[in-house]
Structure formats: structure tokens, C-alpha cells
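In: please work out how this folds:
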Amino acid sequence: MFDFIVSAVVIGAGGTALLDLWNLFLNRVRGLPLPPWHLVGRWFAGWVQGVFVHRRGITQSPPVHRELALGWLMHYVVGVVFAAALLLLWGPGWAHAPSFIPALIVGLVTVAAGWYVLQPGMGVGVACSGAANPVQARWLNVIGHVVFAIGMYASARLFL
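Out: Numbers count the residues shown, from 1 in each chain. Presented below is the predicted three-dimensional model:
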């Protein structure tokens, strides 16, 4: 069990870190905004009060104490949970003999979590339908999750 947890943490944190570097690259090279982790923290903080959907948009909800820190923490926790799902589906042995396709499948399937849970919950609509440029947002989501998959695979290859 300890090996499973360590593997999930290494793989998930590695995939998430590569995604963060990718977002920083897009910010510096293309001028795209960085993800609003403070708003993700605000969304998760709302769960404590039973607020799962911000119908007027998360920006209309009042800020919460340490929402940025909570957003970053939950960003990495979710990455670890997705890595744990990868290990549950393909077996813990995948961590020591990884192949890319399972990581890619999990990376692409997890786009649905953003499209059908996070984004509607934050008031952006299903699959960013309420974003300023929904098509661009969707492509960035898909590409970002492919980068996450690459990071999970690379982390398993390099560190386990």
C-alpha cells in the first residue's frame, strides 16, 4: 500500500508539475493567462458550505481565506488522484514498467472532470461554453491533459 501511495504521489505530482510548466510557457511565449488557482481554491472552499455550483460565476462569490494556497493544493491533490486511478486501472506494476498509452488514456479521460464538474461548478458552463473563446479553451484543456499524461509517464520512467 505504501508503494502504491508513493507511486501515485510521484506520478501525479510529476504530471501536474509538467502541466504547470506548460502553462507558464504558454503565458510567457503566447501571453495566455495563467490558470486562476485562487478561483479553484474558492470553489473547493465552497464545498464546506454545500456550494458546489456558482451559477453567477465564481468571480461573483466572495474571496475566501487562503484560496490561492487551497487552489494550488487541490490542483496537486487532483493530479495525485488521477495518477492513483491510472495505477488502479493498469495495476501498481505500471509505475515500474510504464507505457505511454495508459497515461494518455487517463489524461484524455480526465478532461471530462474539468468539462463536466469543475467548469460548470465554477459557473463557466459545460466544457467552457461560457468562456470568452470556448473553442480555444477546450483545445487548451485537451492539450494540457496530454501534457499531464506525458508528465505522468515521464515521472514513472524517471523516478520509479
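
In: give me the phi and psi angles of the closest residue to residue 82 other than its chain neighbours.
Out: Take residue 82 and drop its neighbours on the chain: the residue closest to it by CB to CB, 6 or more residues apart in numbering is residue 110, 5.1 Å away. C-betas here are computed from N, CA, C, even on glycine. When read as degrees, to the nearest 10, the backbone of residue 110 gives phi -70, psi -10.

In: residues near residue 110, how many?
Out: For residue 110, the neighbour count with other CB atoms under 10 Å is 21.

In: I'd say it and residue 148 touch.
Out: Yes: judged on CB atoms under 8 Å, residue 110 makes contact with residue 148 at a distance of 7.4 Å.

In: what residues do those two have in common as contacts?
Out: residue 82 (CB atoms under 8 Å, 6 or more residues apart in numbering).

In: per-residue pLDDT, residue 45?
Out: Confidence at residue 45, expressed as pLDDT, is 95.

In: also residue 80?
Out: We have a pLDDT of 98 for residue 80.

In: what's the helix or strand for it?
Out: Per DSSP states H and E: residue 80 is located in helix 67-90.

In: with that, I have no additional questions.
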